[in-house]
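**Student:** sharing a model prediction with you, sequence too.
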Amino acid sequence: MDTDTTEKLRRLAFTPMRTQPPNATRPILEQAAKEVEVVDGGKVVHYLWGEGERRILLVHGWAGNAGHLTVLADALARAGCAVVVVDLPGHGESEGAESSVIHFAKAVEAADERFGPFHAVVAHSLGAAATTYAMSRGVTIEQAVFLNPISSYTSLWRRSGEVMQVSPQAIAQVRSRAEDWLGISFDAIEPALAARDFTSRLLVVHDENDSESPITDSEALVAAWGQAELMRVTDLGHTKVLRDESVVHRAVTFLTDATTAPPAS
């Protein structure tokens, strides 16, 4: 595959489709205070709910936006938490044409610096991988809830090749091009590799038939993390898990456990 084709596919892989907040959650989103920060040269929008010592950051996934996390945000705010939800670079109302797990992680780090320290993070899909990377770079949290997380870049690239309908050899070239662009090695930042040093508590909720991310990757992440547990669900797919009543209840209970004190300010 020639260089121009490789670069076109690289851009395609890292240009997210902008989606709108679900109509059902717009009223909740409109209740939030909004703050804009500049992250890595681009404007990033944050939504803030609630008050309290227990501060929680919510991180959406690829092609998502803050509106997809408002059910969780509202439930956590009602439970007495101060909640921040970020429209990640290239998503929602934030600036950016191209994005990546590295762009996501920089936004997580910036939110932690501006609104933290956070007691916990709730992250969906690629947002979970970005959170893991940010934690490996120094973001400290005590608890995390990952919902259908991307837990392996190997699986992610395999699926990307399937979606773009290119050969494994071609997607390997695109991956190499992306690593040069981002200045990283995906093998070196594998979530399960980074998680070996983590001491925070983790709850992973994963649909057994999630077509976007195989549950076997989350099993490996939980095994590597240490203080981690896996909640298996079915028939929720990749995104319904974000608003399922039982999942929301489990996440809120996990994050507001009275035995875990919030961090010192």
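**Tutor:** Arrived safely.
**Student:** which element is residue 28 on?
**Tutor:** For residue 28, the host element (DSSP states H and E) is helix 26-30.
**Student:** just how off-centre is the helix or strand bottoming out on mean pLDDT in the chain within its chain?
**Tutor:** Least confident element among the helices and strands of the chain, by mean pLDDT, DSSP states H and E: helix 26-30 (a mean of 90). Centre-to-centre, helix 26-30 and its host chain are 21 Å apart (Cα atoms, centre = their mean, to the nearest Å).
**Student:** which other residues reach stretch 71-86?
**Tutor:** Residues outside stretch 71-86 that contact it (Cβ atoms under 8 Å, 6 or more residues apart in numbering): 25, 28, 32, 44-60, 66, 69-70, 94, 107-108, 111, 115, 118, 122, 242-243, 248-249, 251-252, 255-256. (C-beta placed from N, C-alpha, C; glycine too.)
**Student:** in the host helix or strand of residue 34, what's buried?
**Tutor:** Secondary structure assignment for residue 34, by DSSP H and E: strand 33-39. For strand 33-39, a neighbour-count test (16 or more other Cβ atoms under 10 Å) marks 37, 39 as buried.
**Student:** could you list the paired strands of it along with their orientation?
**Tutor:** strand 42-49 (antiparallel) (DSSP bridges).
**Student:** beyond the strand it pairs with, next helix or strand please.
**Tutor:** Next element after strand 42-49 (DSSP H and E): strand 55-59.
**Student:** how far away from the center of its chain is that following strand?
**Tutor:** Taking mean C-alpha positions (Cα atoms, centre = their mean), strand 55-59 and its chain are 10 Å apart.
**Student:** so which elements touch it?
**Tutor:** helix 70-78, strand 82-87, helix 101-115, strand 120-124, helix 126-136 (3 or more Cβ pairs under 8 Å, 6 or more residues apart in numbering; DSSP states H and E).
**Student:** in CSV, list these along with distance to residue 185, mean pLDDT and mean neighbour count.
**Tutor:** Output for the helices and strands packed on strand 55-59, formatted as CSV (distance: least, Cβ to Cβ, whole Å; pLDDT from 0 to 100; neighbours: other Cβ atoms under 10 Å):
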stretch, distance to residue 185, mean pLDDT, mean neighbour count
helix 70-78, 33, 96, 22
strand 82-87, 26, 98, 27
helix 101-115, 12, 97, 22
strand 120-124, 22, 98, 28
helix 126-136, 12, 97, 26
